[in-house]
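Enquirer: When you get a sec, could you give me coordinates for this:
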Amino acid sequence: MHSRFEALASTALVEAAAASRPPYYPWSTSANVGSFARHCESMSDRNSGSVRLCTPTAIRSIAFPAHWIMPIFPRYCLLCEVRFDGLKDLCAHCEAALPWNDSACPRCGQPLTGTGCVSCRRLPVACERTVAPLLYADAVADWVQALKFRSGFREGRVLGELLATAVERALIDHHPPDCIVAMPLSTRRLLWRGHNQAAIIARIVSRRVEVPVQHHLLKRTRTTLRQAGLPRSARRANVMRAFGTRDVTGLHIALVDDVLTTGATLQSATRVLLANGASAVEWWVAARTP
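Expert: Okay, here's the model as predicted:
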């Protein structure tokens with residue numbers, strides 16, 4: 001019996017890493033109502049207004065209307081922990097108090113000063129435009145770190161929803177891209193972390209704007225050092241020739257990531273895509289460093 005449960009657990013972990021969603025073990029004695037609720041929410045279908053409860057073997061699923069589930073598992077704000085009615089994990093008061101990137105350069109997402117975009121004058125980016133609704137500060141910085149290193153899938157869901165809202169506004173005046181590509185991790189880092197934070201955000205945005213995610217258009221060709229802590233010049237060298245792609249001739253692609261700092265990683269990936277025939281590349285990131 002134990003060996004069967006271990007096999008199921010191993011399968012769940014592999015599937016969760018591939019789909020970038022947290023595994024859930026209904027047979028576990030440590031499972032509680034909170035984790036079950038988070039699992040239900042992570043499997044929710046926004047368009048149909050239903051929640052899917054999956055069996056351990058993921059062979060079949062049952063769809064329940066969202067209004068049946070929400071009274072049992074109500075929403076609590078991620079910041080103030082006040083119970084409220086809504087589809088997000090963030091109340092309106094806390095959402096308004098976030099560090100918003102309101103006056104940003106439309107090309108690189110850098111917060112603008114009175115003299116225009118210094119970043120674009122110093123080093124123009126290869127992307128067509130950037131959507132970066134938040135500044136990497138305060139609670140947003142904590143959420144990004146929680147998603148990356150502490151399996152903060154609830155934080156990732158909030159970041160994804162906020163980015164999706166900003167993308168919806170941006171697409172009012174622009175044609176949507178052909179596909180979304182989440183910034184890939186190296187195999188070693190994906191196995192160590194257990195999930196790709198960019199893929200989690202990309203999946204949420206994809207569902208909202210109805211643009212498909214293509215998981216295999218871009219891949220890491222080598223493992224690089226962590227960008228955090230490296231100076232600007234070292235960051236560019238660190239990700240040089242770190243990506244590979246297939247033929248993407250004529251495709252308009254949106255690259256999705258959690259945070260944009262110097263732009264070295266996104267810039268490297270963008271150059272590879274453009275060199276292989278992409279018609280345009282834009283960046284959708286949850287947060288931008290000031």
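Enquirer: which residues touch stretch 210-223?
Expert: 176-189, 199, 202-203, 205-206, 241-246, 248, 251, 253-255, 269, 272-273 (Cβ atoms under 8 Å, 6 or more residues apart in numbering). (Each C-beta comes from the backbone N, C-alpha and C, glycine too.)
Enquirer: Would you mark the buried spots in that stretch?
Expert: 211, 213-215, 217-218, 220 (16 or more other Cβ atoms under 10 Å).
Enquirer: With stretch 100-110 instead?
Expert: Residues of stretch 100-110 classed as buried: 101, 104-105, 107-110 (neighbour count, 16+ other Cβ under 10 Å).
Enquirer: for stretch 264-279, same thing?
Expert: For stretch 264-279, by 16+ other Cβ under 10 Å, it's 264-270, 272-274, 276, 278.
Enquirer: among the residues you listed, which are in helices?
Expert: 264-270, 272-274 (DSSP state H).
Enquirer: With pLDDT added, can I get these in JSON lines?
Expert: Below are those laid out as JSON lines (pLDDT from 0 to 100):
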{"residue": "A264", "pLDDT": "85"}
{"residue": "T265", "pLDDT": "88"}
{"residue": "L266", "pLDDT": "92"}
{"residue": "Q267", "pLDDT": "90"}
{"residue": "S268", "pLDDT": "89"}
{"residue": "A269", "pLDDT": "92"}
{"residue": "T270", "pLDDT": "93"}
{"residue": "V272", "pLDDT": "91"}
{"residue": "L273", "pLDDT": "95"}
{"residue": "L274", "pLDDT": "94"}
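Enquirer: Which one of these is nearest to T130?
Expert: Distance to T130, by Cβ to Cβ, is smallest for L266 among those, at 8.7 Å.
Enquirer: ok, that closest one touching R288?
Expert: No: L266 is beyond contact range of R288, at 11.2 Å (criterion: Cβ atoms under 8 Å).
Enquirer: Run through this protein and note the low-pLDDT ranges.
Expert: Within the chain, the ranges that satisfy pLDDT under 70 run 1-73, 86-87, 223-240.
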